[in-house]
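Peer 1: Test case, fold it:
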Amino acid sequence: MIDTAHFEVKPAVYFRDLLMPMAAFAAAFAWCANASGWPFVVAFAIATISIHRAGIFGHEVAHRTGNRRLRAFNRFWNLTVGALILVPSARFVRPHMIHHSTGKFRTKEDPQYLLLRGDRKLSVFVFVFIPPIMPIFASIITVTAAIGGIAAEEAVETFLLRRGMPTGSVLPARHKREVMLLSRYYLAFWTLYALMLPATLPLMYAIQVAAWYLVTWRIPLEHRMESRLETSHKRDQVADSFTVESPFAELLQPLALKYHTAHHMFPGVPYHNLPALHAELKATDPVYRRSVVTIRDIIRGVPEHARTADAGG
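Peer 2: Predicted structure coming up:
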């Protein structure tokens, strides 16, 4: 067992760590809108990295939806960053909780375990074509949810489920009203934005696409993604997760994603306590130590620990 102090949530830390990338994004976006040449490139990079980091807090929000201490933070994130990226955190809850569920993780029911290492066509689609689509797709489902509810989304999920492609996107009943209200707010927000700053819409789209590229490029850093299991056990959460120790991990895997194995072992631990937990597990748990890899390990192929783990090693 780990120290229960690791599970302590600090709302002030959440707000501090969110407000910094939000401020950086606002400043970089304004700079980007009035720059050209290398200053534009620098500003664009800062804006992309900042909105990506702020957006990843949606992962934290999804994990702690019922935490009363984070209620104000969750609402703040949904009304600010969620509005910018058009993704209410509630949309992420069900598919991500399935991904973390023992018995469903790494099975055909896991909508977030993509066989990217064994399916070249899928890899090209995810890494190349998904990012430009995502802002458009988010806009479409925002409009449909704001105007016509979520019946259309449920129909799409049912259609895909019958073909063995679960998305986990059907909203639990407790989140339906929240998503509809937020979608109406997002629609009003973007309508006002388009009326006031129409010339910056292409820039905003380009930054969002670049941020989605960061989101998709991080996926192979987290799991093996070569084959599925019929069912999974708790040990599979460790055996098939990686923690990448690299400066680039801070860019591609901010917050809890950087310590992915520890996060899968203890998803209740907030991101700000994961560095200490990671150090503790690395020092005391040899199985955990084998999950710690480098960027070079990932690029060269699936780390050996993952191969031996499936064979009981």
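
Peer 1: Over to stretch 33-40 now: how far is its first residue from its last?
Peer 2: 8 Å (C-alpha to C-alpha, to the nearest Å).

Peer 1: as a whole number, average confidence for that stretch?
Peer 2: If you average the pLDDT over stretch 33-40, you get 92.

Peer 1: what's the neighbour count on the nearest residue to Lys108 once chain neighbours are set aside?
Peer 2: Spatial nearest neighbour of Lys108, chain neighbours left out: Arg228 (5.6 Å); criterion: C-beta to C-beta, 6 or more residues apart in numbering. Every C-beta, even on glycine, is put in place using the N, C-alpha and C of the backbone. When neighbours are defined as other C-beta atoms under 10 Å, Arg228 has 14 of them.

Peer 1: Can you report phi and psi for Arg228?
Peer 2: Dihedral pair for Arg228: phi -110, psi 160, per degrees, to the nearest 10.

Peer 1: Quick one: residues contacting it.
Peer 2: Going by C-beta atoms under 8 Å, 6 or more residues apart in numbering, Arg228 touches 106-108, 110, 113, 115.

Peer 1: just curious, which of the residues you listed is nearest to Ala43?
Peer 2: Tyr113 (36.0 Å; C-beta to C-beta).

Peer 1: Check what contacts the helix or strand Ala283 falls within and list those residues.
Peer 2: Per DSSP states H and E: Ala283 is located in helix 274-284. Residues outside helix 274-284 that contact it (C-beta under 8 Å, 6+ apart): 2, 6, 243, 256, 258-259, 261-263, 265-266, 269, 288-289, 292.

Peer 1: any idea how far Gly148 is from the residue nearest to His263 when sequence neighbours are not counted?
Peer 2: Leaving aside its chain neighbours, His263 sits nearest to Ala256 (4.7 Å; criterion: C-beta to C-beta, 6+ apart). For Ala256, the distance to Gly148 equals 34 Å [C-beta to C-beta, to the nearest Å].

Peer 1: between the two, which one's more packed in?
Peer 2: Ala256 (22 against 11).

Peer 1: Tell me if that one really is in a helix.
Peer 2: Yes. Checked against DSSP: H, G, I helix; E, B strand; the rest coil, Ala256 lies within a helix.

Peer 1: Pull up the gap between the residue nearest to His263 and Gly58, please.
Peer 2: 11 Å.

Peer 1: And for Val13?
Peer 2: From Val13 across to Gly58, the span is 17 Å (C-beta to C-beta).

Peer 1: likewise Ser50?
Peer 2: For Ser50, the distance to Gly58 - C-beta to C-beta - is 15 Å.

Peer 1: Spell out which residues sit in contact with the residue nearest to His263, please.
Peer 2: With C-beta under 8 Å, 6+ apart, Ala256 has these contacts: 59-60, 63, 263, 270-271, 274.

Peer 1: isn't Val287 right up against Val238?
Peer 2: Yes. In this structure Val287 lies within contact range of Val238 using C-beta atoms under 8 Å: 6.0 Å.
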